[in-house]
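[1] generate a structure from the sequence data that follows.
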Amino acid sequence: MRFPDLLSLSHQEARDRISDHAPVYVGLSGATLQPVHVASGKLMPRTSTPDCIDLNASRVSLLDELPHIGPARAEDIVEARPWASTDHLTRINGLGTAKVHEIQVSNLLCG
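    Reported below is the predicted structural model:
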């Protein structure tokens, strides 16, 4: 099982964020394992294409799709995790309240 794929992480992101002692899960008696992610504090089934971009879980390439977020700001978002509120994005250099508001109303973020 390729756990970076299940977690929607690149190989490098998985190496940076997850222990090299990765857990091994086994489905017994024909059980199927269903990957999950946490969105808004709830366990949700992971889909192959995310419905939204999660500031605390999405990889850099997805964060880059948000308005006013390029690769450098996406990296800054990842480094500043966890995010309690999108309002706190103003801590990222170059993101003022107007740009953060545009991100919030883009309907791209989870929750």
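
[2] show me the helices in the protein, by range?
    3-6, 11-17, 60-63, 71-79, 97-104 (DSSP state H).

[3] any low-confidence regions in the protein?
    By pLDDT under 70, the low-scoring segments of the chain are 1-7, 18-25, 32-50.

[4] next, format the helices of the chain as JSON lines and append distance to residue 28 and mean neighbour count.
    (C-beta placed from N, C-alpha, C; glycine too.) Shown next, in JSON lines, are the helices of the chain (distance: least, CB to CB, whole Å; neighbours: other CB atoms under 10 Å):
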{"stretch": "helix 3-6", "distance to residue 28": "19", "mean neighbour count": "15"}
{"stretch": "helix 11-17", "distance to residue 28": "26", "mean neighbour count": "13"}
{"stretch": "helix 60-63", "distance to residue 28": "34", "mean neighbour count": "18"}
{"stretch": "helix 71-79", "distance to residue 28": "36", "mean neighbour count": "16"}
{"stretch": "helix 97-104", "distance to residue 28": "44", "mean neighbour count": "15"}
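
[5] residue 110: which of those helices is closest?
    Residue 110 lies closest to helix 60-63 among the helices of the chain, at 10.7 Å (CB to CB).

[6] for that closest one, list the C-alpha coordinates in PDB.
    Taking Å, rounded to 0.1, in the frame of the first residue of the first chain, the C-alpha atoms of helix 60-63 are listed here in PDB:
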ATOM      1  CA  VAL A  60       1.600  22.600  -1.700                       C
ATOM      2  CA  SER A  61       0.300  21.900  -5.200                       C
ATOM      3  CA  LEU A  62      -3.300  22.200  -4.100                       C
ATOM      4  CA  LEU A  63      -2.700  25.300  -1.800                       C
END
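
[7] distance between the ends of stretch 11-29?
    End-to-end distance of stretch 11-29 (CA to CA, to the nearest Å): 31 Å.
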